[in-house]
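J.: Give the three-dimensional model of this entry:
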Amino acid sequence: MKKYSIIKYQFFLTITSIGFWIYLLGPDFINPNNIEWLQSGDLSQYQIGWNFFKDDIWRFPLGSNPNYGIYYEGSIVFSDSIPLFAIFFKIFNKFLPESFQYFSSWILLCIYFQLFFSFKIIYKLSSNLTFSLISSLFFCISTIFLNRSGIHLSLLGQWIILLVFYIEINQTKNKRLYRSLSILLSVLIHFYFTVILALFYIFLNIYDFIKKKIKLKSFVIEFSINFILVIFLMYVVGYFTINLDDGLGWGYGFYNYNLNSFFNPLGGDNFGSFSWSLFLPTQPFQNAEREGFSYLGISGIIFLFLFVYNLFSKKYLIIYSNQKLLFICSLFIILATSNEINFGERNILSVPLNNYIYLLLSSIRASGRLIWPVYYLIFIFGIIFTFKNFKNKNPSLIISILLFIQVMDLYPGLKNYKFGSQYISTFQDDKIKNDVWKNLSNNFDEIRLIEPKNYSNIYNKMSKYLLTENYKKTDIAYLARVNRESVVREKYKLVKLFNKKNLDIFSKTIFVSDNINFVRNLHYLYNEILNYYYIDNLWLISKNEIKIKDTSYKKKSPGYYEINLDEDKFIDLKNKGKQITGFGWNNKDVRMGSSMEGYFSTIIFKAKGKSCQKNSLIKFQIEKYYKESSVPVELSLILNKDKKEDIVLNKNNDFVLKFNCNSNAINTIDIKVNNPKSLFELKKGLNRNKKSIVMRSITFSN
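T.: Below you'll find the predicted structure:
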């Protein structure tokens, strides 16, 4: 390519990238000191993860980020904060402003590379500069590209898929080296790109092996070298700060590709759904198949028909033989569609999977994303097919017309990405707003949950707040993967420390909860030793008093659940309004009642009324959580710390305790279980929460 042509296309790509960058973010959000737009959906976790990472010391693995999640054993990888940028910018942390974010720069880089590699591919196959520059714009307005710009910024790096295609069309002696480097680069961006690239190269080698173009030995050596390099880099970056099985997750067959996705313009962002098409109607999905969103647009659908026609007519050979291309695309489509083959709302076929196969596929639970290579191949082949058919009839004009049609069709979607509108909610959010929260991190080193949980409702409320404060540690976090065993262990450890009335855990730490049951349990144990505040529908609990000017937010007692035995002798624990359970209970599954988690749980209440007598009875309706298990549950019921009833539960049972009712007393029923089990221990799932019993109801009688 001539020097003039290089300057020309670089000028075009640079100006187009900057212009589209401003269109996507607006003049305010491109500012690296502006974090206001990083607040919705998954976006907050990227910046919060980066905030804790940059302020921490250097550790090994390099991406370790233990202060964000504390015992979740996470890394910068699992907050999806783009390890490549996070590690690089941490080097210069002392020179960066406090509110610095690199995500706007990442978006600019992605736009440029999306244009650059698509241009290089089209130019390599057409040798027509103008045609190639115009064609690159199809990839810049790609629906799957822009869709991720509003919800998953790390997955905006789809240019790495185009990079791989460019490597493949260049006949070079160093192709294997470039393949390896591209996979290693993907590790530093997002693991799903690593999966896509690895599968692409594996499919290539399998086809060549079947066609006897390569020997098995060569295949095994190349795969082994790449595997070792990828595992080593993953270790250095911090992918293995958690256990291998923690990297698996439920969702394969749920977050999949719907067979109507190429023609379905139903898209959306963190705030709602919208149509991407001016001409085609939206169609229904099943489950969470928007992970497989891949609307082609009108011109893209034309390219799809040209793509399919070319596969069977064998008119042109572009990149690969038609057989090889069909082989690769078919495998990607099969994996993306998963074992649940759906067209719209209709399930065409459900293929049962062996548990071990499902376990393997759980590493790519959002399988719908695997359709991306096929999507881009459709555009590459459609564009080149158009060029070859109109080579002598002004192909630049033809592709310009198709681009115009594409922009017209995609306009309803494109307008939702104007000047950062995909990051701004028009609805009233439920984030915390009170000034009481401001600068609490000046007085407390840590802010923690009473009940540790990754991606809790509390995180959703507090994410905007955490962006602006400077806590040294928190477990109010949202990570893609966590150490499940560690989280559960810490949950039970906290209950044990609370029951021992340990005060050290409150040193320079403020606890947060939205569960009145747990706050009442703390109040029962610690009484007025701790301070309780109810602000923005959240409880703040601390040992040190918080200075609050607004008298309406002064210290407040959470009280206790009161039962009037004259009116309400039957407590149905399937009713969420019956706030009687304390630590160790899960009240979310109202169909069952309250299920006990861990080794210890508590019920706390006050009783009153004329029916409150010394010789009262309490009847508990209890059943085993795992009904199919033949192992009995051994438990003890302890009433008001002194009366104990040991029980061996083989099936559903009603148990009765004598109860000396006192209207002024706080009553506790402690339950201890010797042998709770988790789904993981029973080899039935990955959940580590230890379950034992379900309590359906409590009945009081004389």
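J.: what about the stretch 351-500 of the chain, any weak spots by pLDDT?
T.: Scanning the stretch 351-500 of the chain for pLDDT under 70 picks out 426-429.
J.: For it, which segments are assigned as strands?
T.: Applying DSSP state E, counting those that start in this stretch to the stretch 351-500 of the chain gives strands spanning 446-449, 473-474.
J.: The shortest one - contacts with which helices or strands?
T.: It stands for strand 473-474. If contacts are counted by 3 or more Cβ pairs under 8 Å, 6 or more residues apart in numbering; DSSP states H and E, strand 473-474 sits against strand 446-449. Just so you know, the C-beta spots here come from the backbone N, C-alpha and C atoms, and that holds for glycine as well.
J.: Give the rounded mean pLDDT of the helix or strand hosting Ser105.
T.: Of the helices and strands defined by DSSP states H and E, Ser105 is found in helix 103-126. Helix 103-126 carries an average pLDDT of 97.
J.: next SSE after it?
T.: helix 129-140.
J.: The next helix or strand after that following helix packs against which elements?
T.: Counting by DSSP H and E, the element after helix 129-140 in chain order, helix or strand, is helix 143-149. Judged by 3+ Cβ pairs under 8 Å, 6+ apart, the packing partners of helix 143-149 are helix 103-126, strand 266-269, helix 395-414.
J.: Identify all contacting residues around the shortest one.
T.: Residues outside strand 266-269 that contact it (Cβ atoms under 8 Å, 6 or more residues apart in numbering) are 41, 143, 147, 150-151, 273-276, 282-285, 290, 293, 295, 413, 416, 422.
J.: same thing but 10 Å
T.: 40-41, 143-144, 146-147, 149-151, 258, 260, 273-277, 280-285, 289-290, 293, 295, 410, 412-413, 416-417, 421-425 (Cβ atoms under 10 Å, 6 or more residues apart in numbering).
J.: which one of the strands of the stretch 351-500 of the chain is the most hemmed in?
T.: strand 446-449 (a mean of 22; mean count of other Cβ atoms under 10 Å).
J.: strand partners of it, parallel vs antiparallel please.
T.: Note on strand 446-449: by DSSP bridges, its sheet partners are strand 473-474 (parallel), strand 509-513 (parallel).
J.: re earlier: type out the ChimeraX command that picks the buried ones from the contacts of strand 266-269.
T.: Selecting only the buried entries of these in ChimeraX, with 16 or more other Cβ atoms under 10 Å as the criterion:
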select :40,41,143,144,146,147,149,150,151,258,260,275,276,277,280,285,289,290,293,295,410,412,413,416,417,421,422,423,424
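J.: among the contacts of strand 266-269, which are in helices?
T.: Cross-referencing those against helices under DSSP state H gives 143-144, 146-147, 149, 410, 412-413.
J.: Let me have those residues in JSON lines, adding distance to Ile698 as columns.
T.: As requested, those are arranged in JSON lines below (distance: Cβ to Cβ, whole Å):
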{"residue": "Thr143", "distance to Ile698": "54"}
{"residue": "Ile144", "distance to Ile698": "53"}
{"residue": "Leu146", "distance to Ile698": "54"}
{"residue": "Asn147", "distance to Ile698": "50"}
{"residue": "Ser149", "distance to Ile698": "52"}
{"residue": "Leu410", "distance to Ile698": "58"}
{"residue": "Pro412", "distance to Ile698": "55"}
{"residue": "Gly413", "distance to Ile698": "54"}
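J.: And Lys172, how close does it get to Glu567?
T.: Just so we're on the same page, residue 172 is Thr rather than Lys. Computed as Cβ to Cβ, to the nearest Å, the Thr172 to Glu567 distance reads 83 Å.
J.: ugh, typo on my part, it should be Leu414
T.: Here the criterion is Cβ to Cβ. By it, Leu414 lies 60 Å from Glu567.
J.: With neighbour numbers in mind, choose between these two.
T.: Shown here are Leu414 and Glu567; by other Cβ atoms under 10 Å, Leu414 has more neighbours (17 against 8).
J.: and that one, what does it touch?
T.: 23-24, 141, 143, 146, 276, 407-408.
J.: and what of Asn564?
T.: 606-612.
J.: what about Ile572, distance to Phe620?
T.: Quick fix: residue 572 reads Asp, not Ile. 13 Å.
J.: same question, Ser135
T.: The value you get for Ser135 to Phe620, if Cβ to Cβ is used, is 71 Å.
J.: and the two? which has more neighbours close in?
T.: Using other Cβ under 10 Å, the more surrounded residue of Ser135 and Phe620 is Ser135, with 30 against 23.
J.: correct me, but the more buried one touches Phe385?
T.: No: counting by Cβ atoms under 10 Å, Ser135 stays clear of Phe385, with 11.7 Å between them.
J.: quick check: domain ranges of the chain?
T.: With domains defined by automatic domain parsing, the chain comprises 3-30+104-423, 435-553, 562-701.
J.: right, so of those, which gets closest to Glu98?
T.: Among these, domain 435-553 comes nearest to Glu98, with 7.9 Å by Cβ to Cβ.
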